[in-house]
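Chemist: okay, predicted coordinates and the sequence, questions at the end:
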Amino acid sequence: MTNDEIRTFIDNAIKENRVMLFMKGTPQQPACGFSMRASGALNALGVKYAALDILPDPRIREELSGLSGWPTIPQLFVEGELVGGSDIVMEMFESGELAQLLGVEQPELESEPEPEQPVQQRIGLENRLN
Amino acid sequence: MPSAEELRTRIEEALPGAEVSVVDTTGGGDHFRAEVVSDRFEGLTRIQQHKLIYDVFGDEVGGAIHALSIKTQAPSPAGDPR
């Protein structure tokens, strides 16, 4: 894939998936603590989201940050808008703002937002990069 | 290798009057957490607030600075005991 194709793919992924998370690793196997926290928050809220691992090709991250103007990973988009990285996602998760934004109920926060199973859509850039 | 002190100074220079604390979270000089209170944040979204901090370091975030965790806040209104 060319850089332009990657950028177009990312742009479409953001537009086509209401909740789109770019992360290091996958929701099943996050490769970084920050990505783990962001996907863990979404799992705890039980929302359906698409996730893309940026690690297989360094150009994914370059093109993503070029598009969003945000330098770090993870990056969460909701309805096409950048919500933030892991710090903002966690602040909003803890305050209930994220649940409100996503239109779901805030879960009981007695437990850590880790063990829930992710409800993930596969979007398949991984395959096209191979 | 950047130090927490260096990061703090640079944020303070970029946002004069800000209250800044920076911690080197691993002791390795590449993972930091910055907490910043500045009146520059008034009326900005969290995204815009965090971008102001990222912009201080440009390409260094993701380079020499592997991770920069940020917490931003506008100053409490006068009379708020916090």
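Modeler: Cool, got the structure.

Chemist: going forward, measure contacts between C-alpha atoms and count neighbours the same way
Modeler: Will do.

Chemist: quick one: the closest residue to chain B within chain A and B:T72, what's the gap?
Modeler: With Cα to the nearest Cα as the measure, A:G84 is the residue of chain A nearest to chain B, at 6.0 Å. Going from A:G84 to B:T72 by Cα to Cα, to the nearest Å gives 13 Å.

Chemist: ditto for B:V22
Modeler: Distance check for B:V22 against B:T72: by Cα to Cα, it reads 12 Å.

Chemist: any common contacting residues for those two?
Modeler: Residues within reach of B:V22 and of B:T72 at once, by Cα atoms under 8 Å, 6 or more residues apart in numbering or on different chains, are B:E35.

Chemist: who has more neighbours, A:G84 and B:T72?
Modeler: Relative neighbour count places A:G84 above the other of A:G84 and B:T72, with 25 against 20, counting by other Cα atoms under 10 Å in any protein chain shown.

Chemist: now do the SS call for the one residue in chain B that gets nearest to chain A.
Modeler: Here the residue of chain B nearest chain A is B:I47; by Cα to the nearest Cα that distance is 6.0 Å. Three-state secondary structure (criterion: DSSP: H, G, I helix; E, B strand; the rest coil) places B:I47 in helix.

Chemist: report the central residue of chain A.
Modeler: The structure's chain A has its C-alpha centroid closest to A:L21; by Cα atoms, centre = their mean the separation is 1.3 Å.

Chemist: do the same with chain B
Modeler: For chain B, the residue nearest the mean C-alpha position is B:A34 (4.3 Å; Cα atoms, centre = their mean).

Chemist: so what's the backbone phi/psi at it?
Modeler: B:A34 adopts backbone torsions of phi -120, psi 130, taken as degrees, to the nearest 10.

Chemist: was I right about it contacting B:K71?
Modeler: Yes. Distance between B:A34 and B:K71: 6.3 Å, which falls inside the contact criterion (Cα atoms under 8 Å).

Chemist: now do the helices in the chain.
Modeler: Just going to use chain A. Remark: helices assigned in chain A by DSSP state H are A:3-16, A:33-45, A:58-68, A:86-95, A:97-102, A:125-129.

Chemist: actually, chain B is the one I wanted.
Modeler: B:4-14, B:46-57.

Chemist: tell me which of those sits most buried.
Modeler: The highest average neighbour count among these, using mean count of other Cα atoms under 10 Å in any protein chain shown, belongs to helix B:46-57 at a mean of 18.

Chemist: now do that one against helix A:86-95, angle only.
Modeler: Here helix B:46-57 points in a direction 150 degrees away from that of helix A:86-95 (axes from the mean of the first three to the mean of the last three Cα atoms, to 10 degrees).

Chemist: what residues does helix B:46-57 touch?
Modeler: A:70-71, A:82-84, A:88, B:10-11, B:14, B:41, B:61, B:70-72.

Chemist: 7 Å instead, please
Modeler: The set of residues external to helix B:46-57 that reach it, using Cα atoms under 7 Å, 6 or more residues apart in numbering or on different chains, is A:84, B:11, B:14, B:41, B:70, B:72.
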